[in-house]
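Chemist: Sharing a model prediction with you, sequence too.
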Amino acid sequence: MSAPTLDRPTDEAALQRQFEATIAADRRVEPRDWMPEGYRRTLIRQIAQHAHSEIIGMQPEGDWLLAAPSLRRKAILLAKVQDEAGHGMYLYSAAETLGADRADLTDKLIEKKQKYSSIFNYPTLTYADVGVIGWLVDGAAICNQVPLCRSSYGPYARAMIRVCKEESFHQRQGYELLMTMMRGTPEQRAMVQDAVDRWWWPSLMMFGPPDDDSPNSAQSMAWGIKRHSNDELRQRYVDMTVPQAEFLGVTLPDPELRLDPDTGRHRFGAIDWSEFKAVLAGNGPCNDERIARRRAARDDNAWVTEAATAYAEKHAGAVA
Ligand SMILES: [Fe+2]
Ligand SMILES: [Fe+2]
């Protein structure tokens, strides 16, 4: 709970102390509250990046909507891709509560001034990729996002609660699809294994650079925006996923992966951070295609926004 408006201190040092007390007491910061400019900027950057990832993330799976192997699979995939659009909208709304402008954020994405998750720059080559994205990519997103439900910024934390419930459906639909394919023909099982081979390492990169190369992490954790380090979340994901891979009957493509009996946690091989940096810098297999499509969607559909705005203005005038 915030202090009532009338009790608000007016000088910056007192406002800063009040903000720090809110964070220390694990209370939520709300849009009307004073906040340091760095906190606001960090949140806008993180929430925008998250929103862009949801929106760009519709593309790799959306490519399979017309080629889904049955009406049931098509309905499930359509629902999933629509959920991702909804996640993007919640998150842009959360960014707007911090003073950001939605159209401006989209422009920054298209002009490559803001980033989105590197994972969505890989192609979806077969229908097994749809299942593997649900299992691994949505699974990694859950590991990342569940702690964000306790993020210090109220609108972001609340958006994450619903998003996480839907991500859990996404992961299950992916795993169920893969279980079905693994009960199928040898060719279908080979398709699943091939997709796992291609997506495993990029999914580990979703947690971001290692802790000793993550310059903003310490400040984000001090502000309660982030609750766990990149490496801790990555480790949780590996520990959660290995038994699922065993149950599914696939091999994770890492000869060094093994359970450490002393810690009860899995050790895994070195991640190729040069690949991560190249993809993030715009040189992944699909970066240009993803941005070109987003640009075309903005430009081709501008008339819808214009028409809706004109209608709203006309309606507002009629009511007045
Ligand atoms: Fe999502
Ligand atoms: Fe999802």
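Modeler: Structure received. Ligands and ions are numbered 1, 2, ... in the order given.

Chemist: need the helices for the protein, in chain order.
Modeler: Using DSSP state H, the helices of the chain run over residues 12-24, 37-56, 58-62, 71-96, 102-110, 128-132, 138-145, 154-182, 186-205, 217-222, 230-248, 273-278, 287-300, 302-319.

Chemist: Report pLDDT for the residue of the chain found nearest ligand 2.
Modeler: Going by CB to the ion, ligand 2 is nearest to residue 170 of the chain, at 3.8 Å. Quick note: C-beta positions are derived from backbone N, CA and C, even for glycine. Looking at residue 170, its pLDDT is 97.

Chemist: Would you mind measuring the gap between the ends of stretch 64-77?
Modeler: One end of stretch 64-77 sits 8 Å from the other (CA to CA, to the nearest Å).

Chemist: Next, the buried residues of that stretch.
Modeler: Residues 64, 68, 73, 76-77 are the ones in stretch 64-77 that count as buried (16 or more other CB atoms under 10 Å).

Chemist: most packed of the helices of the chain?
Modeler: Most buried of these by mean neighbour count (mean count of other CB atoms under 10 Å) is helix 128-132; its value is a mean of 26.

Chemist: Mind giving me the packing neighbours of it?
Modeler: Packing partners of helix 128-132 (3 or more CB pairs under 8 Å, 6 or more residues apart in numbering; DSSP states H and E): helix 154-182, helix 186-205.

Chemist: And ligand 2, is it touching that?
Modeler: No - residues of helix 128-132 are not located near ligand 2 by CB under 5 Å from the ion, the shortest gap being 11.8 Å.

Chemist: Do you know the pLDDT at the residue nearest to residue 253 when sequence neighbours are not counted?
Modeler: Nearest residue to residue 253 in three dimensions, chain neighbours excluded: residue 197, at 4.6 Å (CB to CB, 6 or more residues apart in numbering). Looking at residue 197, its pLDDT is 98.

Chemist: do residue 12 as well
Modeler: Confidence at residue 12, expressed as pLDDT, is 88.

Chemist: can you check the one 4 residues further on too?
Modeler: What the model reports as pLDDT for residue 16 is 94.

Chemist: next one: residue 290
Modeler: pLDDT, residue 290: 97.

Chemist: so who does it touch?
Modeler: 56, 59, 120-121 (CB atoms under 8 Å, 6 or more residues apart in numbering).

Chemist: Ligand 1 is nearest to which of the helices and strands packed on helix 128-132?
Modeler: When the helices and strands packed on helix 128-132 are ranked by distance to ligand 1, counting by CB to the ion, first place goes to helix 154-182 at 5.6 Å.

Chemist: what is the orientation angle of the closest one with helix 71-96?
Modeler: Orientation check (axes from the mean of the first three to the mean of the last three CA atoms, to 10 degrees): helix 154-182 against helix 71-96 gives 160 degrees.

Chemist: now check helix 154-182, is it near ligand 1?
Modeler: No - counting by CB under 5 Å from the ion, ligand 1 is not contacted by helix 154-182; separation bottoms out at 5.6 Å.

Chemist: packing partners for that helix?
Modeler: Using 3+ CB pairs under 8 Å, 6+ apart: helix 154-182 touches helix 71-96, helix 128-132, helix 138-145, helix 186-205, helix 230-248.

Chemist: I'd like to know which of the ones you listed is closest to ligand 1.
Modeler: Using CB to the ion, these put helix 71-96 closest to ligand 1, at 3.8 Å.

Chemist: tell me what the closest one is packed against?
Modeler: Using 3+ CB pairs under 8 Å, 6+ apart, helix 71-96 sits against helix 37-56, helix 58-62, helix 102-110, helix 154-182.

Chemist: Nearest to residue 88 among the ones you listed would be which one?
Modeler: Taking CB to CB, helix 37-56 is the member of those nearest to residue 88, at 3.8 Å.
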